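Colleague: Provided below for reference: sequence and predicted model.
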Amino acid sequence: MKFIADMMLGRLARWLRLYGYNTLYGIVDDDDIIKRALEGGRVIITRDEGLAEKANAAGVEVFLLSSNSLEGQVEELRRFGVEFRELFPANARCPKCNGPIERVPKEEVKGRVPESVYEKYEEFYVCKDCGQIYWPGRQWREMLKIDRKLRLGKSKEED
Ligand SMILES: [Zn+2]
């Protein structure tokens, strides 16, 4: 399943990419969103009823959400049949640009990450489109916590 998310759903769009879903984001105009969805066979995700109606009329599949929170939105998408599998870097897409991420040999990032990071980690991933480098550091661990909460509904008092 491929998606296109409206401008109100930036956080959700980044998470869909992390979960491996090809997700366009950043297109402002409703008609452009519908056009891109038709061209690319994408499902539109929106909280805007007006956009949802227009898209339906144009024959585009729409997941109309009502929740304000990331947790609630993920829950709603699940009800639409979207699966959320455990976050795993090799399956993720770049949260910044939606590009594919691939694991690279450590030597390839030498000089491109802080020396301390290079010393400490063995696992590095690079976005093929924007060149962003990822490694399983603190930020990744924070994401795993959110991932568990999203998928398993772990207690909110943890953070
Ligand atoms: Zn990227």
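Modeller: Perfect, I can see it now. Computed from a predicted structure; not experimentally measured. Numbers count the residues shown, from 1 in each chain.

Colleague: the helices in this structure, which residues?
Modeller: 10-18, 30-40, 49-57, 70-79, 115-120, 138-152 (DSSP state H).

Colleague: For the first one, buried residues please.
Modeller: So that's helix 10-18. 12, 13, 14, 15, 16, 17, 18 (16 or more other CB atoms under 10 Å). Where C-beta positions appear, they are placed from N, C-alpha and C, glycine not excepted.

Colleague: Tell me which of the helices of the chain sits nearest to residue 92.
Modeller: Closest approach to residue 92 among the helices of the chain (CB to CB): helix 10-18, 4.9 Å.

Colleague: Run through who's touching that closest one.
Modeller: 3, 5, 23, 25, 45, 70, 73-74, 87, 92-96, 98, 143, 146-147, 150 (CB atoms under 8 Å, 6 or more residues apart in numbering).

Colleague: If any of those are buried, give me the ChimeraX selection for them.
Modeller: In ChimeraX, this line selects whichever of these come out buried by 16+ other CB under 10 Å:
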select :3,5,23,25,45,70,73,74,87,92,93,94,95,98,143,146,147,150
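
Colleague: Run through the contacts of helix 10-18 and flag the ones next to the ion.
Modeller: Checking the contacts of helix 10-18 against the ion by CB under 5 Å from the ion, the ones in range are 94, 96.

Colleague: Got the domain ranges for the protein?
Modeller: 3-79, 89-158 (automatic domain parsing).

Colleague: Show the model's pLDDT score for residue 153.
Modeller: On pLDDT, residue 153 comes in at 78.

Colleague: Ok, residue 90 next?
Modeller: At residue 90, pLDDT is 83.

Colleague: Brilliant, that's me finished.
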